[in-house]
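In: mind folding the following:
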Amino acid sequence: MRGDVTITDLPLALEQIQGNVQANVPAGAQAQVRALSWGIDHHVFPGDYDLVLGADIVYLEPTFPLLLGTLQHLCRPHGTIYLASKMREEHGTESFFQHLLPQHFQLELAQRDEDENVNIYRARHREPRPA
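Out: As a prediction, the model looks like this:
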C-alpha cells in the first residue's frame with residue numbers, strides 16, 4: 001500500500017530537501033517537496049493527513065503558536081502526529097510539549113533517549129467533549 005507523501009521545509013531549504021529526496025527515495029516511489037511556513041501558508045495544504053512527522057522543529061518559542069496551528073490544520077481528526085525533539089531547556093521545548101500541545105492534543109511520550117536527551121511524542125486530536 002502506498003500513500004501520498006509531502007515533505008515540507010522553509011523555502012530556503014527546498015533545494016537541499018529535493019536533493020535528499022532524489023538520493024534516498026526508491027525508484028517508483030513519489031514524494032512531493034513543498035515550502036511551508038507555519039501559520040502563514042498552511043491553508044494551501046489539505047487538512048486530512050493521516051500521519052504528520054516532525055523532527056527537531058520545536059526550537060523557537062515565538063513560533064510555537066504558529067506550529068500548533070499548522071499541526072491542528074494538517075492532521076485529520078483521527079490522524080496521528082509524531083514529533084521527535086531534543087529537549088533543549090534554553091528553547092522552551094519542554095514547555096511546548098508539557099503545556100501547549102496537551103491543551104489541543106492527546107499526547108504521550110512514545111520513546112526517550114536519555115543519552116541524547118531526545119523525546120519522541122505521539123499526538124492525536126482530543127475527542128470533542130459532549131455538549
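In: ends of stretch 5-17, how far apart?
Out: The first and last residues of stretch 5-17 sit 13 Å apart, counting by C-alpha to C-alpha, to the nearest Å.
In: residues in contact with that stretch?
Out: 21, 29, 30, 31, 32, 33, 34, 35, 36, 37, 45, 49 (C-beta atoms under 8 Å, 6 or more residues apart in numbering). Yep, even glycine has a C-beta here, placed from its N, CA and C like the rest.
In: so which of these are in helices?
Out: residue 21 (DSSP state H).
In: and the spatially most central residue of the chain, how far is that from residue 79?
Out: The chain has residue 54 as the residue nearest its centroid, 3.5 Å off, counting by C-alpha atoms, centre = their mean. According to C-beta to C-beta, to the nearest Å, residue 54 stands 13 Å off from residue 79.
In: do residue 124 as well
Out: Distance from residue 124 to residue 79, by C-beta to C-beta: 7 Å.
In: now do the helices in this protein.
Out: Counting by DSSP H, the helices of the chain are 14-24, 64-74, 93-95.
In: what are the buried residues along the last one?
Out: Of the residues in helix 93-95, residue 93 count as buried by neighbour count, 16 or more other C-beta atoms under 10 Å.
In: who touches stretch 60-77?
Out: 36, 38-40, 42-43, 45-50, 52, 54, 57-58, 81, 91-92, 95-96, 100-101, 104-105, 123, 125.
In: how far does that stretch sit from the chain's center?
Out: Stretch 60-77 sits 8 Å away from the centroid of its parent chain (C-alpha atoms, centre = their mean, to the nearest Å).
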